[in-house]
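Trainee: Fold the following.
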Amino acid sequence: MLTENKFSKYILYAIGEILLVIIGILIALNINNRNLVKQNEATFDALFGEILKDLIIDFKEADRILAFDARQDSLINRVLNNKVTEEDYKTEYGFIDLILSYEPMLFSDNGYNNLTRMIDKVPTKYNEVIDQLNTIHLVAKLKVIRPNEKLADLVFENLKKWANTKPWFYDSELINSEDINYFLTDPFYKNDVRLFQIYLKGNHMKSITMYKHLIAKSYISISKIIEPEKQIPELISSYIVEIPDNVL
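Mentor: Okay, here's the model as predicted:
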């Protein structure tokens, strides 16, 4: 074209070739970007799948702790209402051990910890559930840990008090009339029992119940994103019942 002085046609031809190359590059980049997005989403779907497993473990752990606390609270009420007999203390070890033991809430947070290390790459579709998970781990979890620690302190204080004031403390297998008389009649023992109940029921059980509720809500939100066709486990679905707007 140049030798034939068709310069304008050559320019158009060259521009066309350049445009084809650019279009090819853009198409390749687009395909590559889509593949990267899919790979990223697959990575986070797997990560949130791990978080779902952690949530189920924590939900069951909360159930276990609440069942233990509820039984302990029931025994405490019997003590405070003078409905425990000498025979009860001889046959039911739970009364002797009432303010010397508690069950701490343990947490499964490997999935969440892995998520925080990749937080800058999380797809936007997870923004809402990330807020929910942050509430669980940065707020609700701390509200469970504090009563855990306070109950541990009370147990230690009670053990130390008995060790320093009760001659029979060294022999945990020996239950005699002096022991039982202390449990049945000492008003300060009942004060200790009442204080233990305040932290058990008013703080420990209440904070774990809230934690359990947030777990269930987060589980449902995550499931709707990564496995919308999969049925929510009955453990969760029976706890959080969704009410349609028209019914509400």
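
Trainee: what residues are up against the nearest residue to I136 once chain neighbours are set aside?
Mentor: Nearest residue to I136 in three dimensions, chain neighbours excluded: L214, at 5.0 Å (Cβ to Cβ, 6 or more residues apart in numbering). Where C-beta positions appear, they are placed from N, C-alpha and C, glycine not excepted. Shown in contact with L214 (Cβ atoms under 8 Å, 6 or more residues apart in numbering): Q132, T135, I136, A140.

Trainee: Same question for G94.
Mentor: R71, Q72, L75.

Trainee: what does L98 give?
Mentor: Q72, L75, I76, V79, V193, F196.

Trainee: my guess is I56 contacts L235, does it?
Mentor: Yes: the pair I56 / L235 is scored as a contact, 7.1 Å apart, by Cβ atoms under 8 Å.

Trainee: Make CSV out of the contacts of L214 and add secondary structure.
Mentor: Converted to CSV, the contacts of L214 look like this (DSSP: H, G, I helix; E, B strand; the rest coil):
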residue, secondary structure
Q132, helix
T135, helix
I136, helix
A140, helix
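
Trainee: most surrounded residue in those residues?
Mentor: I136 (21 neighbours; other Cβ atoms under 10 Å).

Trainee: Do I have it right that K121 meets N40?
Mentor: Yes: K121 is in contact with N40 according to Cβ under 8 Å; the separation is 6.4 Å.

Trainee: ok, these two, which is more surrounded?
Mentor: More crowded of K121 and N40, by other Cβ under 10 Å: N40, with 14 against 9.

Trainee: Ramachandran angles for the more buried one?
Mentor: phi -60, psi -40 (degrees, to the nearest 10).

Trainee: Next, count neighbours for V247.
Mentor: If you count neighbours by other Cβ under 10 Å, V247 ends up with 6.

Trainee: returning to what we had before: looking at I56 and L235, which has the bigger crowd around it?
Mentor: I56 (16 against 13).

Trainee: Please identify which helix or strand holds that one.
Mentor: In this assignment (DSSP states H and E), I56 forms part of helix 7-80.
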